[in-house]
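**Q** Pasted the sequence and its predicted model underneath.
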Amino acid sequence: MIHSFFLQLAIAHASASLRSSNTVKYEIKDSVFQAQILKGFHFNEKAPNTVLIDDRPQPIRLLLADKIEFKLSSAPWKKAVATLYVCDDALTFCEEQTFDLLGKKRADPQQYDLLVSSIPAFRSASFSESARSKAITRDKHNFLLNNFEYAVKIAKKSKKLVLVDFSADWCPGCIRLDQEVFATKSFREVASSFVLLKIDTDLPENKGLRELYQVHHIPVLLILNSEGNEIVRLNDYQPLAVIENQVRELKKDSSTITELSAKHPLDPNTASRLGLRLLAQGNAKAAMFYLEQVAPRPAEFLDAKVEIARQAGDNSKLKEALEAAIKSESDSTRSLRWRKNLIQILKVENKSFVKFYQEGRALGKKLLIDEKALPIALSNDRLGDYLGYERLYIATLIAELSETAEQSIETLKADWADVYRIGKSYSMGSSQMGPAMRFLSLLMTQRMWSEANDFSDRLLITSPNNSELKRRKVKILKELVSMKSSKATP
């Protein structure tokens, strides 16, 4: 009964028009689906963009912010559907767009993020009218909610710094910060020297703040002075120990990035701090200027070189940077991500990528069973909300590498079955909801609907009132119904 209720609610309420309509243009040529997007919008590269031919996922050929390509199986097809996730550059919304490549209208092409968001009973407290009207409200961890002006006012009066949490209810890393960091006594002690502010990135009213501080992904913890100037930021999920270490550094020197940039000459330690802070901002070129002055160079130096090449938009330069990074650190988990990116470029150039795939796959398989090699391989990587779930991270990288390299259906099924098996081996319940949501997202991305249904049922037993979990459950049930209908159709 409860499944039917959710499904009826989803169908009844998912009727809003897409704000990103007519932003995507696509064509199919030489068995390649290519989609491009208008200026002011971008494809969400972390979302489950897919093309399904007769319900089979097609291998992705190129994945960029402004262009996506899929290699398609040979025609004729009975069904061909592309699902692309579109965001505006200001990040006020991200929507699912669905295209029937055979020109027929799809039965239910509604956007994913409106599926349940329009249902009042499922709305988060952070979307309340009091938050929207800038009322002075706080969450259970004493964070001011969506009131930047008031937070800065308090900071000036109390002579404190401001700790801003850019987050959203659906974000696994954000959920994990909330459960595993903000709820602890140790964090409360650390937080006593800050004015705490939580900014919900899903609220249109916060668009200006996201633009001002260049927040493109979440979670982001931003530390500002009382004038609102950035001192440092921590991207992705970070454990309490990292935050405590950052606070200790700030007690020695709380200079803003602008103030550090004005110091001349810089000692190596200051140059390193400034370079890393600029890189965290996304300013790779400026970061490189300072990191080049440091010896030995920090692990992030390679990330900066790759990012500079990526931002230049020149595939030949990016290929060169990726090859150099892989050569420099061939046995690290970072090299698995770099190999995946390199394979994407080599496919576009119609060049062989077999060597990079085979080496990457062999490395990943080794790390899954070699307990001594794994910590070394992970030492320079940014795990984010995969911290503590390293084997799941490795298994996911292997499967994604196989997808990018367009391996056989049997190989892909086996790789994602490994992801499912390893994910289930971890304890993930109501007290580990962040990792649980990450794992559930993986299952949904791979259209493992039965597995996702079983896992979400398990989570709902201990978290029956979790609105984000309910929202995902609706999506899963809709897909299961669709699958059942497809099988029943002769």
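**A** On my side now, so go ahead. Predicted model, so just to flag it, every value in this text is computed and none were measured. Numbers count the residues shown, from 1 in each chain.
**Q** Residue 274 falls within a strand, correct?
**A** No: counting by DSSP: H, G, I helix; E, B strand; the rest coil, residue 274 is not part of a strand but helix.
**Q** Pretty sure residue 290 is one of the things it touches, is it not?
**A** Yes: if you go by Cβ atoms under 8 Å, residue 274 and residue 290 touch, sitting 4.9 Å apart. Heads up, the C-betas are built off the backbone N, CA and C, glycines and all.
**Q** what do the two both touch?
**A** Contact criterion Cβ atoms under 8 Å, 6 or more residues apart in numbering; residues shared by residue 274 and residue 290: residue 266.
**Q** give me the low-pLDDT residue ranges for the stretch 51-200 of the chain?
**A** 89-94, 104-134 (pLDDT under 70).
**Q** Would you map the strands across it?
**A** All strands of the stretch 51-200 of the chain, identified by DSSP state E, counting those that start in this stretch, fall at 56-57, 60-63, 67-71, 80-88, 94-100, 144-145, 161-167, 194-200.
**Q** Any chance of a markdown table for these, columns mean neighbour count and distance to residue 345?
**A** Listed next are those as a markdown table, based on neighbours: other Cβ atoms under 10 Å; distance: least, Cβ to Cβ, whole Å:
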| stretch | mean neighbour count | distance to residue 345 |
| --- | --- | --- |
| strand 56-57 | 14 | 21 |
| strand 60-63 | 18 | 8 |
| strand 67-71 | 19 | 12 |
| strand 80-88 | 21 | 21 |
| strand 94-100 | 19 | 26 |
| strand 144-145 | 20 | 43 |
| strand 161-167 | 23 | 31 |
| strand 194-200 | 23 | 36 |
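**Q** For those strands, could you give me JSON lines that also reports distance to residue 231?
**A** Converted to JSON lines, the strands of the stretch 51-200 of the chain look like this (distance: least, Cβ to Cβ, whole Å):
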{"stretch": "strand 56-57", "distance to residue 231": "44"}
{"stretch": "strand 60-63", "distance to residue 231": "34"}
{"stretch": "strand 67-71", "distance to residue 231": "36"}
{"stretch": "strand 80-88", "distance to residue 231": "28"}
{"stretch": "strand 94-100", "distance to residue 231": "29"}
{"stretch": "strand 144-145", "distance to residue 231": "18"}
{"stretch": "strand 161-167", "distance to residue 231": "7"}
{"stretch": "strand 194-200", "distance to residue 231": "11"}
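**Q** so which of those comes closest to residue 395?
**A** Closest approach to residue 395 among the strands of the stretch 51-200 of the chain is made by strand 56-57 (17.8 Å; Cβ to Cβ).
**Q** For residue 418, the count of nearby residues, please.
**A** Using other Cβ atoms under 10 Å, residue 418 has 20 neighbouring residues.
**Q** That one belongs to a helix?
**A** Yes: using three-state DSSP, the assignment for residue 418 is a helix.
**Q** Tell me the secondary structure at the closest residue to it other than its chain neighbours.
**A** Nearest non-adjacent residue to residue 418, counting by Cβ to Cβ, 6 or more residues apart in numbering: residue 395, 5.0 Å away. State at residue 395, reduced to three classes by three-state DSSP: helix.
**Q** Can you list the low-confidence ranges for the stretch 301-450 of the chain?
**A** In the stretch 301-450 of the chain there are no weaker segments when pLDDT under 70 is taken as the threshold.
**Q** Do you have the helices of it handy? List them.
**A** Counting by DSSP state H, counting those that start in this stretch, one finds helices in the stretch 301-450 of the chain at the ranges 315-328, 333-348, 354-369, 373-378, 390-404, 409-425, 433-445, 449-462.
**Q** Out of those, which is closest to residue 265?
**A** helix 315-328 (28.3 Å).
**Q** What angle do helix 333-348 and that closest one make with each other?
**A** Angle, helix 315-328 to helix 333-348, by axes from the mean of the first three to the mean of the last three Cα atoms, to 10 degrees: 150 degrees.
**Q** Could you pull out the buried residues of helix 315-328?
**A** Buried residues in helix 315-328, counting neighbours by 16 or more other Cβ atoms under 10 Å, are found at 315, 318, 319, 321, 322, 325, 326.
**Q** so that helix versus helix 354-369, what angle?
**A** 40 degrees.
**Q** For helix 315-328, name the packing helices and strands.
**A** helix 300-312, helix 333-348 (3 or more Cβ pairs under 8 Å, 6 or more residues apart in numbering; DSSP states H and E).
**Q** Please compute how far it lies from its chain's middle.
**A** Relative to the centre of its chain, helix 315-328 is centred 23 Å away, using Cα atoms, centre = their mean, to the nearest Å.
**Q** Stretch 366-385 too?
**A** The answer for stretch 366-385 is 20 Å, by Cα atoms, centre = their mean.
**Q** contact partners of that stretch?
**A** Contacts for stretch 366-385 (Cβ under 8 Å, 6+ apart): 172-173, 176, 235-237, 299, 329, 331-334, 363, 390-391, 393-395, 398, 422, 434-435, 438.
**Q** Tell me the spacing between residue 195 and residue 481.
**A** Relative to residue 481, residue 195 is positioned 48 Å away (Cβ to Cβ, to the nearest Å).
**Q** actually residue 135, sorry about that
**A** Distance, residue 135 to residue 481, using Cβ to Cβ: 41 Å.
**Q** More neighbours: which of these two?
**A** Applying other Cβ under 10 Å to residue 135 and residue 481 shows that residue 481 carries more neighbours, namely 16 against 13.
**Q** Let me know the helix or strand that the residue lying closest to residue 171 once chain neighbours are set aside is in.
**A** Distance criterion Cβ to Cβ, 6+ apart; nearest residue to residue 171, sequence neighbours excluded, is residue 218 at 5.2 Å. Using DSSP states H and E, residue 218 sits in no helix or strand.
**Q** Check residue 245 too.
**A** helix 240-252.
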